[in-house]
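*Asks:* could you look at this predicted model? Sequence included:
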Amino acid sequence: MSFGVVEGEPSAGLTGLTVAEIDGHPFGELRFTGQRWAVADVRLLSPMLPSKVVCVGRNYADHAAELGNDVPKEPLLFLKPSTSIIGPNDAIRIPPQSQQVEHEAELAVVIGVTGARRVDRAGAAAAIFGYTAANDVTARDLQRKDVQFTRGKSFDSFCPIGPWIVTGLDVSDVEVRCEVNDEVRQLGRTKDMVFDVPTLVSYVSHVMTLLPGDVILTGTPAGVSKLNPGDEVTVTIEGVGALSNRVLTLE
């Protein structure tokens, strides 16, 4: 397993893209090994293995409404474990404990080399390395039963991330889309988030220290729905690209 830099226009798809291998991790000054491959010929993993995934609930008013919840007065935080992370084309596996596993398409923020501890909104940009796509897969029936989020959000494979990290992207108004078997289920824009990215980074950093590579999931728009074995679910973030995963039952 190694890190690399995608060369070409990632948001346009895999055609014509190459990946240049780097020596070590992507933080700080990059040193290239000289090895290059066509992206179509390599297996893309999750672009980051963070110490933690910090999630924000009910950050789109329409999603809060569809679940019968009020919009929170401050960001509603919960965590997903690093063991829930999978990469592009890996399988989301439905556990036998749940009868209602749902997709949640989200913009993901990746924290940079400086980390973040008690930063203000103005300092949030300096703490961000880049952005990627994520699917906050949720066992909705277990979430409702438990009256808190941990079990319903934390099964292995419940946090697809990828396909890569894009740096320097203006995410103040980008499209967030989810398709299941090519049918659009979710379609929103980040401008409709209750709390924007700088607010979220600042808020989280006043609760816990964010380390390089940590990920913040920024919430999901309306349209969440059940996933079934055999489904293909794709999260697309404008300017980033598409994250696709098949759905299987847990063996």
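*Replies:* Thanks, I have it.
*Asks:* and the pLDDT at the residue sitting nearest the centre point of the chain?
*Replies:* Centrality entry for the chain: nearest residue to the mean C-alpha point is residue 134, 2.3 Å, by CA atoms, centre = their mean. pLDDT for residue 134: 98.
*Asks:* that one: helix or strand, and which one exactly?
*Replies:* Element membership for residue 134 (DSSP states H and E) is strand 128-135.
*Asks:* quick one: the next helix-or-strand element following that strand to chain centroid distance?
*Replies:* Counting by DSSP H and E, the next helix or strand C-terminal to strand 128-135 is strand 138-139. How far strand 138-139 lies from its chain's middle: 15 Å, per CA atoms, centre = their mean, to the nearest Å.
*Asks:* next one: stretch 231-248
*Replies:* Chain-centre distance of stretch 231-248: 10 Å, with CA atoms, centre = their mean.
*Asks:* which residues of this structure fall in helices?
*Replies:* 61-66, 121-127, 140-146, 150-153, 197-205 (DSSP state H).
*Asks:* retrieve the pLDDT associated with the nearest residue to the residue nearest to the centre of the chain once chain neighbours are set aside.
*Replies:* For residue 134, ignoring the flanking residues on the chain, the nearest one in space by CB to CB, 6 or more residues apart in numbering is residue 108 at 3.9 Å. Using the backbone N, CA and C atoms, a C-beta is placed for each residue, glycine as well. For residue 108, the model assigns a pLDDT of 98.
*Asks:* quick one: residue 108 and residue 136 touch, right?
*Replies:* No: using CB atoms under 8 Å, residue 108 makes no contact with residue 136, being 9.2 Å away.
*Asks:* give me the common contacts of these two.
*Replies:* Counting by CB atoms under 8 Å, 6 or more residues apart in numbering, the shared contacts of residue 108 and residue 136 are residue 217.
*Asks:* re the thing from before, I'd like to know how far the residue nearest to the centre of the chain sits from residue 109.
*Replies:* Using CB to CB, to the nearest Å, one gets 10 Å for the distance from residue 134 to residue 109.
*Asks:* mutual contacts of those two, please.
*Replies:* Joint contacts of residue 134 and residue 109 (CB under 8 Å, 6+ apart) are 215, 217.
*Asks:* quick one on the thing from earlier: list the pairing partners of the strand holding residue 134 within its sheet, with orientation.
*Replies:* strand 105-111 (antiparallel), strand 159-166 (antiparallel) (DSSP bridges).
*Asks:* can you list these in CSV and add distance to residue 7?
*Replies:* Output for the strands paired with strand 128-135, formatted as CSV (distance: least, CB to CB, whole Å):
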stretch, distance to residue 7
strand 105-111, 19
strand 159-166, 11
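*Asks:* who's in contact with the closest residue to residue 120 other than its chain neighbours?
*Replies:* Spatial nearest neighbour of residue 120, excluding adjacent residues (CB to CB, 6+ apart): residue 202 at 5.6 Å. Contacts for residue 202 were tallied using CB under 8 Å, 6+ apart; they are 119, 120, 121, 123, 124.
*Asks:* what residue of the chain is the furthest out?
*Replies:* In the chain, the residue most distant from the centre (CA atoms, centre = their mean) is residue 34, at 29.7 Å.
*Asks:* so who does it touch?
*Replies:* Residue 34 neighbours (CB under 8 Å, 6+ apart): residue 21.
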